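# Fold the following, please.
(one chain, ligands or ions: 3)
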Amino acid sequence: MKMIIRGGRVLDPASGRDETADVYIRDGLVSGPFKADKTTRVIDASGKIVAPGLVDMHVHLREPGYEAKETIATGAAAAVRGGFTGVACMPNTDPVADNRFIIEFIKKRAAEADMVNVYPVGAVTKGSRGGEMAELADMRDAGAVAFSDDGWPVMDAGVMRRALQYCKMLGAVIISHCEDKNLAAGGVMHEGYYSTILGLKGIPASAEEVMVARDIILAAETGCPVHIAHVSTAGSVALVREAKKKGLPVTAEAAPHHFTLTDRAVAEYNTAAKVNPPLRGEADVQAVREGLADGTVEVIATDHAPHTVEEKNVEFDLAPFGLVGLETAVGLVWTELVHTGILTPLQAVAKLSLHPARLLGIDRGTLAEGGAADITVIDPELEETVDPQHFAGKGRNTPFAGRKLKGLPVMTIVAGKVKYER
Ligand SMILES: NC(=O)N[C@@H](CC(=O)O)C(=O)O
Ligand SMILES: [Zn+2]
Ligand SMILES: [Zn+2]
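Numbering: from 1, shown residues only. Ligands and ions are numbered 1, 2, ... in the order given. Down below sits the predicted model:
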């Protein structure tokens, strides 16, 4: 199958390319120019952005074990509808992805779904219980792209230090869910004005920040890279910024909900706004935006965390943490960051494709000739009101229902095949 995507604004952050051009696809790869014949599909992309396929380095696909929330197939469908050609899935499944057999199972399921590239993340510790280290080398060998106990922190600094040293040897990054369990204990939302008003137990900013500081100290001491998942506070952004200034191997990601919403979204005890780390205050949201703008936060990742309606439809205290993000991410990035001038389109695309691909060490995130034809086409002017009933994923737990978004994915191409078309 041959394809020509004509006349779009081609953005390729790897080369800084930003120009109106045609993109050619042949045999699943980006190719040099050729003449269209009867077998060539020609797509008119005028007025649209043509970007390397977007990579979400932080999603929860829930399989094995929690198939009522999501499966690899439904998560993959949500991904392509959201403009993503690749997703890295977290190991907090049942059983936990802490050995090569689960990693292989995930890859097999992903191949059967034949929709999107799925990059499994292996657990740092057995069962993600924070004690004994998991079989990292074995999982790496089976295809784990990174390691994380996401959902839980690695509370024991000694274990974290040893895991970092291992991961450096393996050439894989550790993705750290920064949460001091003692400081966060029992909290269900951000500790601040709204937690007081609502009478809900708060999670202080310090619960995140002491762990970010610890991980930076360990990265400095060992020289091993650490990636901070879902940064949510002004203090975390400042710590990462300082670490980078010192040249330490520290990177960070932010989720759309953390650069868009404050803890005010919880005000009607809306469990769709219950997430970990929690939605923070105004100054935190501002700081995350500044961190994105100045390059401190180089990745945007959704932390797509589907739960069933039944699980979320309970008292706020009892509801699970997490919200779905795959199908609203591009719209939120464009509406909140690009149309507002915080990021250029090229910067936004870099944070959604090239940067996560580089961190995971995968051969994606560029439109260079000869590479896999994973491509996302975005209409920056297209508007839509979020309606969770239209989601391809199983989760309906979004705090963005009814919100108007401008800038949406209109075509998702994986290895030269159109997997989503609006
Ligand atoms: N973010 C969340 O609120 N929940 C995630 C776990 C996590 O990312 O820490 C989940 O698995 O549901
Ligand atoms: Zn987490
Ligand atoms: Zn997560």
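
# For the closest residue to ligand 2 within the stretch 301-422 of the chain, give its distance to ligand 1.
Residue nearest to ligand 2 within the stretch 301-422 of the chain: Asp303 (6.5 Å; Cβ to the ion). For glycine as for every other residue, the C-beta is placed from the backbone atoms N, C-alpha and C. Look at Asp303 and ligand 1: by Cβ to the nearest ligand atom, to the nearest Å, they are 5 Å apart.

# now Glu135, nearest residue through space, not along the chain?
Asn99 (5.7 Å; Cβ to Cβ, 6 or more residues apart in numbering).

# Sorry, slip of the keys, the one I care about is Pro256.
Pro256 sits nearest to Leu332 (Cβ to Cβ, 6+ apart), 4.0 Å away.

# Ligand 2 contacts on this structure?
150, 177 (Cβ under 5 Å from the ion).

# List, one by one, the residues from the chain near ligand 3.
So the chain meets ligand 3 at 150, 303 (Cβ under 5 Å from the ion).

# can I see the domain layout of the chain?
What automatic domain parsing lists as the domains of the chain is 2-49+372-421, 53-360.

# So Thr385 is in contact with Lys404, correct?
Yes. Using Cβ atoms under 8 Å, Thr385 makes contact with Lys404 at a distance of 5.2 Å.

# buried residues in the longest helix along the chain?
When the chain is scanned for its longest helix (criterion: DSSP state H), the result is helix 205-222. For helix 205-222, a neighbour-count test (16 or more other Cβ atoms under 10 Å) marks 205, 207-216, 218-220, 222 as buried.

# Now the one residue in the chain that gets nearest to ligand 2: closest residue in space that isn't a chain neighbour?
Nearest residue of the chain to ligand 2, counting by Cβ to the ion: His177, 3.5 Å away. In space, and not counting its chain neighbours, His177 is closest to Asp150: 4.6 Å by Cβ to Cβ, 6+ apart.

# Could you check the pLDDT of the one you found?
With respect to pLDDT, Asp150 scores 98.

# tell me the contacts of it?
58, 90-92, 121, 175, 177, 229 (Cβ atoms under 8 Å, 6 or more residues apart in numbering).

# and if we set it to 10 Å?
58, 60, 89-92, 121, 123-124, 128, 175-177, 229-230, 276, 303, 305 (Cβ atoms under 10 Å, 6 or more residues apart in numbering).

# Wait, Phe400 touches Thr302, no?
No. Contact between Phe400 and Thr302 fails when scored by Cβ atoms under 10 Å: they sit 11.6 Å apart.

# anything in contact with each of these two?
Joint contacts of Phe400 and Thr302 (Cβ under 10 Å, 6+ apart) are 256-257, 323-325, 327-328, 332.

# measure the residue sitting nearest the centre point of the chain to Asp114 for me?
The residue lying closest to the centre of the chain (Cα atoms, centre = their mean) is Ala301, at 2.3 Å. Ala301 sits 24 Å away from Asp114, going by Cβ to Cβ, to the nearest Å.

# neighbours around the closest residue to Val333 other than its chain neighbours, how many?
Spatial nearest neighbour of Val333, excluding adjacent residues (Cβ to Cβ, 6+ apart): Ala348 at 5.3 Å. Residues lying near Ala348 (other Cβ atoms under 10 Å) number 26.

# Check the burial of the closest residue in space to Gly151 that isn't next to it in sequence by counting its neighbours.
Ranked by Cβ to Cβ, 6+ apart and with sequence neighbours excluded, the top spatial neighbour of Gly151 is Asn92, at 3.8 Å. Each residue near Asn92 was counted by other Cβ under 10 Å, and the total is 21.

# before we move on, what SS does Asn92 have?
coil (DSSP: H, G, I helix; E, B strand; the rest coil).

# residues in contact with it?
60, 62, 65-66, 121, 123, 128, 148-152, 177, 305.

# at 7 Å instead, please
60, 128, 150-151 (Cβ atoms under 7 Å, 6 or more residues apart in numbering).

# Also Pro64?
93-95, 105.

# Selecting buried members of those in ChimeraX, what would you type?
Of the contacts of Pro64, the buried ones can be selected in ChimeraX as follows, counting by 16+ other Cβ under 10 Å:
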select :93,105
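
# What is the neighbour count of the residue lying closest to Ala142 once chain neighbours are set aside?
Leaving out its chain neighbours, the residue that sits closest to Ala142 by Cβ to Cβ, 6+ apart is Arg100, at 3.8 Å. Neighbourhood size, Arg100 [other Cβ under 10 Å]: 18.

# hmm, back to that, correct me if wrong: the residue of the stretch 301-422 of the chain closest to ligand 2 contacts Gly325.
Yes. Using Cβ atoms under 7 Å, Asp303 is in contact with Gly325, at 6.1 Å.

# Please determine how far the residue nearest to the centre of the chain is located from Ser176.
Ala301 is 13 Å from Ser176, where distance means Cβ to Cβ.

# can you count the residues close to Thr271?
Thr271: 24 neighbours (other Cβ under 10 Å).

# and it, what does it touch?
312, 316, 319.

# residues contacting Tyr269?
198, 316.
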